[in-house]
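Enquirer: build me a model from this:
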Amino acid sequence: VQLVESGGGSVQAGGSLRLACAASGYIVSRYSMAWFRQAPGKEREGVAGISGFGRTRYADSVQGRFTISKDNAENILYLQMNSLKPEDTAMYYCAAADVSSCAWNCRYKYWGQGTQVTVSS
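Expert: Predicted coordinates for the structure are as follows:
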C-alpha cells in the first residue's frame with residue numbers, strides 16, 4: 001500500500017487549498033481514511049475522518065471550513081480547506097485503515113509522507 005499526498009503549499013489567511021491523497025494497492029472506497037496534521041513542536045492531531053460508508057467527522061477547529069471526501073473512480077482521498085488560518089500551518093498526512101465502520105479514532109495502518117501547508121497572516 002502506498003499513499004501519496006499532494007496539494008500543499010503557501011497561502012494567505014482566508015485562502016483555500018485542496019489536498020489529495022492518491023492510493024495504490026488500496027481501495028479508497030472500501031475503507032476508513034483520515035487526514036492528520038502536525039505543527040512544529042506539537043503533537044499530531046486528527047483533522048477529518050471518513051468511514052467506508054461515507055460518514056464524516058471533523059476536529060472542532062476545522063468544522064465548517066474543511067471537507068473530506070473520496071473520489072472512488074480515481075481512488076483518491078481529498079481534503080478541501082477553506083478560510084485557512086495561520087494556525088492551520090502544519091504538515092498534513094493521509095492515513096488509511098483496514099476497517100470500514102469507523103470515521104474517527106480508527107486504527108490507521110497506512111500513512112503517507114505528508115504535504116506541507118503554510119498559511120501566512
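Enquirer: list the contacts of the closest residue to R44 other than its chain neighbours.
Expert: Distances taken as CB to CB, 6 or more residues apart in numbering place Q38 nearest to R44, at 4.2 Å, with adjacent residues excluded. Every C-beta, even on glycine, is put in place using the N, C-alpha and C of the backbone. Residues in contact with Q38 (CB atoms under 8 Å, 6 or more residues apart in numbering) are R44, E45, A90, M91, Y93.
Enquirer: same question, S10
Expert: T118, V119, S120.
Enquirer: which residue ranges of the protein form strands?
Expert: Ranges of strands within the chain are 2-6, 9-12, 17-24, 33-38, 45-50, 56-58, 66-71, 76-81, 90-97, 108-111, 115-120, based on DSSP state E.
Enquirer: quickly list what the residue nearest to R44 is bridged to.
Expert: With DSSP bridges as the criterion, Q38 is bridged to M91.
Enquirer: gap between it and Y31?
Expert: Separation of Q38 from Y31 (CB to CB, to the nearest Å): 22 Å.
Enquirer: one more: G25?
Expert: G25 is 12 Å from Y31, by CB to CB.
Enquirer: higher neighbour count, the two?
Expert: Y31 (23 against 9; other CB atoms under 10 Å).
Enquirer: tell me the confidence at the more buried one?
Expert: On the pLDDT scale, Y31 is placed at 97.
Enquirer: now swap in N105 and tell me
Expert: pLDDT at N105 comes out at 88.
Enquirer: what's around it, how many residues?
Expert: Using other CB under 10 Å, N105 has 10 neighbouring residues.
Enquirer: for it, give me its contacts.
Expert: G46, G49.
Enquirer: please report phi then psi for it.
Expert: phi 60, psi 40 (degrees, to the nearest 10).
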